[in-house]
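>>> Using only what follows, build the 3D model:
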Amino acid sequence: GNYSKVIALRAMPNVFEGQGTADEPFLIKSKDDMLKLAKFTNTEAYPFSGRHFKVLNDIDFGSTTYECVGVDAGSFNGDFNGNGKKFLNINNTYTSTQSNRGLFGNVGPQGAVHDLTVASGTITGYRYNGGVAGSVYGKVYNCQNYANIYSESSAAAGIAGYVKNGGSVVNCQNHGKVDSKGNYLAGIAYYVEKGALVENCENDTTIGYEKKNGVGGIATYSYGTIRNCVNKGTLAGLSTIGGILANSYGGDSILYCTNEGEIQSTGSSVGGILGTGRKSLAPVVITGCHNTAAVTGKGYLGGVAGRLYEGSVLTDCYNTGDVTSISST
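Prediction:
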């Protein structure tokens with residue numbers, strides 16, 4: 001009846017040493033191996049679901065332009081074990097339409113990137129960029145970033161741009177510079193969605209500048225859970241500045257977190273832990289947190305929270321830092 005049905009059959013060629021199993025993972029030995037991985041996830045949209053990778057050496061890209069793994073429609077759904085190794089000279093400047101850039105672009109729901117250090121380089125994308133990943137639907141853990149992260153528009157963070165529903169960033173540290181042409185900077189993650197987790201993470205570098213809005217030691221926006229995190233870096237900006245979180249979207253929680261970094265603001269909604277909450281049917285819950293650093297700002301200024309709305313819960317928290325207003329309120 002002139003009827004046909006096309007079934008696409010796909011198999012990955014043996015381009016990596018190893019079998020891709022947990023016992024015999026694909027081996028990443030060189031920058032060429034990383035470029036191959038980027039090609040398969042980006043050009044071929046091959047997600048490597050259920051496959052395992054292991055890095056054997058520190059990998060220095062030198063003057064070679066780095067290609068982000070799993071960008072745009074592509075996603076990495078394998079297990080990438082950095083094996084404690086370093087990635088050096090991770091440099092790329094993406095076009096004005098390319099966002100969610102990092103060592104990896106999208107870590108998929110079944111994906112995991114762990115036990116590695118982004119040791120040097122500069123990653124520049126349009127927005128939502130992070131040192132380890134642009135978007136985390138799966139897991140990122142035991143990672144460190146020392147690279148410079150920059151967004152041509154706004155929204156940049158040291159580890160992840162977005163932590164999506166079901167995603168987690170755990171046991172990660174940022175030591176790199178984070179900046180953008182616009183606003184919204186964070187030490188660990190720009191945006192923590194509902195159902196997402198950021199836990200046991202630390203930022204120890206200065207975040208923000210005098211005219212930036214929305215600066216958080218750990219995150220800029222959150223609907224999710226931030227737990228057992230520490231900020232040690234100085235935070236600077238105009239308004240909506242928080243030692244842990246700049247802006248709560250409601251229904252989120254900040255649990256057992258500490259801020260030790262001085263907060264220098266010339267605007268309002270400034271707090272040692274949270275800058276501001278918002279009106280919501282499920283307001284923010286802050287429990288077991290404390291601030292030990294000086295906090296300076298104008299209005300809506302607090303040692304723990306700058307501004308909270310009806311229904312918010314603030315329990316077992318304390319402040320020992322100086323709180324100084326540069327206005328009459």
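>>> low-confidence ranges in the stretch 1-150 of the chain?
Applying pLDDT under 70 to the stretch 1-150 of the chain flags the ranges 12-13.
>>> distance between the ends of stretch 222-240?
Its first and final residues considered, stretch 222-240 spans 13 Å by C-alpha to C-alpha, to the nearest Å.
>>> Name the residues of that stretch that are buried.
For stretch 222-240, burial by neighbour count (16 or more other C-beta atoms under 10 Å) applies to 222-240. Where you see a C-beta, it was placed from the backbone N, CA and C, and this is true even at glycine.
>>> Any figure for the gap between residue 142 and residue 176?
Applying C-beta to C-beta, to the nearest Å, the value for residue 142 to residue 176 is 17 Å.
>>> swap in residue 245?
20 Å.
>>> who's more crowded, these two?
Set side by side, residue 245 and residue 176 show more neighbours around residue 245, with 33 against 23, by other C-beta atoms under 10 Å.
>>> Tell me how far the more buried one lies from residue 224.
In terms of C-beta to C-beta, residue 245 sits 10 Å off from residue 224.
>>> hmm, who's touching stretch 22-33?
With contact meaning C-beta atoms under 8 Å, 6 or more residues apart in numbering, stretch 22-33 is reached by 16-20, 34, 37, 51-57, 59-62, 64, 79, 81.
>>> quick one, helices of the stretch 1-150 of the chain?
31-42 (DSSP state H, counting those that start in this stretch).
>>> So which of the buried residues of stretch 222-240 belong to strands?
222, 225, 226, 227, 230, 231, 235, 236, 237 (DSSP state E).
>>> could you dump stretch 36-53 to CSV, C-alpha only?
This file holds the C-alpha atoms of stretch 36-53, laid out as CSV (Å, rounded to 0.1, in the frame of the first residue of the first chain):
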residue,chain,number,x,y,z
LYS,A,36,35.1,14.0,21.0
LEU,A,37,32.7,13.9,23.9
ALA,A,38,31.5,17.4,23.1
LYS,A,39,31.1,16.5,19.4
PHE,A,40,28.9,13.5,20.2
THR,A,41,26.7,15.3,22.7
ASN,A,42,26.4,18.5,20.7
THR,A,43,26.5,17.6,17.0
GLU,A,44,25.1,14.0,17.2
ALA,A,45,22.9,14.7,20.3
TYR,A,46,24.0,11.5,21.8
PRO,A,47,23.3,11.6,25.6
PHE,A,48,25.5,8.6,26.7
SER,A,49,22.7,7.4,29.0
GLY,A,50,23.9,4.8,31.5
ARG,A,51,27.5,5.1,30.2
HIS,A,52,30.4,5.8,32.6
PHE,A,53,33.5,7.9,32.0
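>>> how about that stretch: buried residues?
36, 37, 38, 40, 41, 42, 46, 47, 48, 51, 52, 53.
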